[in-house]
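A.B. asks: structural data only, the sequence is not supplied:
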């Protein structure tokens, strides 16, 4: 069945450093790749997304890259701040006009040390 | 502009009972998806509703069922509760399009089975 693997499970960085989270997906029909940030006691919050016809997207300190051939996608956070500490999830969605399903990775707990 | 709202926030049930969880989508959204998130794990897709019909389903047994109302709100029903059903249940809403659309999540219902 569909699967999304996410690494690392835990990441600790110093404030100001960069953080990189990597994911692979199994379903080659996946056509949308969102990233979510989840803080304690809250639901996941969409922080950036990328579609299968785009290789890279950037929004201020956050960037995502997608390699469709290798079925890899990555999240890059630059100039990390303590408020970036949270659990981050990658996901892969497949579908169209008949509806879509989204498969999530297991999450990466990011600690940013001040 | 209200986001996704879920009720109740917490619920305690015993094995064998039945439960109904409720979700109101973000204003303007017409599609509702439900997810189960076990402690320390990523959300797992249960099913998606659009135009009052189940459009996509994940790998969950028939004990999990749902409904969508004409005002786009939705319910998740779980019958014959098992200890393993203890989890955070998340609702996400989106538009329906020709490709998967960004989903907005509520803060979830924490279900505990005794």
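C.D. replies: Cool, the structure landed. On a predicted model such as this, the values are computed, not experimentally measured, just so you know.

A.B. asks: ok, residue A:46 touching residue B:103?
C.D. replies: Yes. Using Cβ atoms under 8 Å, residue A:46 is in contact with residue B:103, at 7.0 Å. The way it works is simple: take the backbone N, C-alpha and C, and place the C-beta from them, glycine included.

A.B. asks: give me the residue from chain A nearest chain B.
C.D. replies: Per Cβ to the nearest Cβ, residue A:99 is where chain A lies closest to chain B, at 2.8 Å.

A.B. asks: hmm, back to that, who's more crowded, residue A:46 and residue B:103?
C.D. replies: Per other Cβ atoms under 10 Å in any protein chain shown, whichever of residue A:46 and residue B:103 has more neighbours is residue B:103, with 29 against 15.

A.B. asks: who's in contact with the residue nearest to the more buried one when sequence neighbours are not counted?
C.D. replies: Excluding the flanking residues, the one nearest residue B:103 by Cβ to Cβ, 6 or more residues apart in numbering or on different chains is residue B:92, at 3.9 Å. Taking Cβ atoms under 8 Å, 6 or more residues apart in numbering or on different chains, we find residue B:92 in contact with A:43, B:4, B:32, B:33, B:34, B:35, B:103, B:104, B:105, B:106.

A.B. asks: dump those into JSON lines; add distance to residue A:111 and secondary structure as well.
C.D. replies: Below are those laid out as JSON lines (distance: Cβ to Cβ, whole Å; DSSP: H, G, I helix; E, B strand; the rest coil):
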{"residue": "A:43", "distance to residue A:111": "21", "secondary structure": "coil"}
{"residue": "B:4", "distance to residue A:111": "28", "secondary structure": "coil"}
{"residue": "B:32", "distance to residue A:111": "34", "secondary structure": "strand"}
{"residue": "B:33", "distance to residue A:111": "30", "secondary structure": "strand"}
{"residue": "B:34", "distance to residue A:111": "30", "secondary structure": "strand"}
{"residue": "B:35", "distance to residue A:111": "25", "secondary structure": "strand"}
{"residue": "B:103", "distance to residue A:111": "26", "secondary structure": "coil"}
{"residue": "B:104", "distance to residue A:111": "26", "secondary structure": "strand"}
{"residue": "B:105", "distance to residue A:111": "23", "secondary structure": "strand"}
{"residue": "B:106", "distance to residue A:111": "26", "secondary structure": "coil"}
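
A.B. asks: understood, closing this out.
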